[in-house]
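Novice: Turn this into a structure:
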Amino acid sequence: MPRNYKHCFFSAVTPGTHITHHNGPTGKKLRIHLPILGTEGARMRVGDEVRYLEEGKCIIFDDSFNHEAWYNGNQTRINLIVDIWHPNLTDPEVKFF
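Specialist: Predicted coordinates for the structure are as follows:
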């Protein structure tokens, strides 16, 4: 069974932005954040862990966990965001979603 999730996008965030806490409705996917530009002053909290973004280094997390992000840099921050099926899902569960 194919496991193509088919969801990715670029995110552009301006300096001074706070993306307030939120979470996905299910644990069906992992979300990959790949910072491309503007990592200085960028941080993200997933659950109880806060990570500082580094250009070219991915952060991967279960989208159902509560998360938020802050950006206090000097230029627009650009991230590539890619969703993939959670690897613990069975083929019937993927088909259901």
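
Novice: Arg43 is in contact with His67, isn't it?
Specialist: No - here Arg43 lies out of contact with His67, judged by C-beta atoms under 8 Å, at a distance of 11.3 Å. C-beta: built from backbone N, CA, C; applies to glycine.

Novice: These two: who's more crowded?
Specialist: His67 (21 against 14; other C-beta atoms under 10 Å).

Novice: residue contacts, the residue lying closest to Gly73 once chain neighbours are set aside?
Specialist: Excluding its sequence neighbours, the residue lying closest to Gly73 (C-beta to C-beta, 6 or more residues apart in numbering) is Gly41, at 3.8 Å. Contact analysis of Gly41 by C-beta atoms under 8 Å, 6 or more residues apart in numbering lists Pro15, Tyr71, Asn72, Gly73, Asn74.

Novice: In strands only, show me those residues.
Specialist: In this view, those that belong to strands under DSSP state E are Tyr71.

Novice: how deep is Phe65 tucked in, by neighbour count?
Specialist: By other C-beta under 10 Å, the burial measure for Phe65, its neighbour count, is 15.

Novice: residue contacts, it?
Specialist: Phe65 touches Asn23, Val46, Gly47, counting by C-beta under 8 Å, 6+ apart.

Novice: So Val94 belongs to a strand, correct?
Specialist: No - Val94: not assigned to a strand; according to DSSP: H, G, I helix; E, B strand; the rest coil it is helix.

Novice: Regarding Thr91, what are the backbone dihedral angles?
Specialist: To be clear, residue 91 is Asp; Thr isn't right here. The phi/psi pair for Asp91 (degrees, to the nearest 10) reads phi -60, psi -40.
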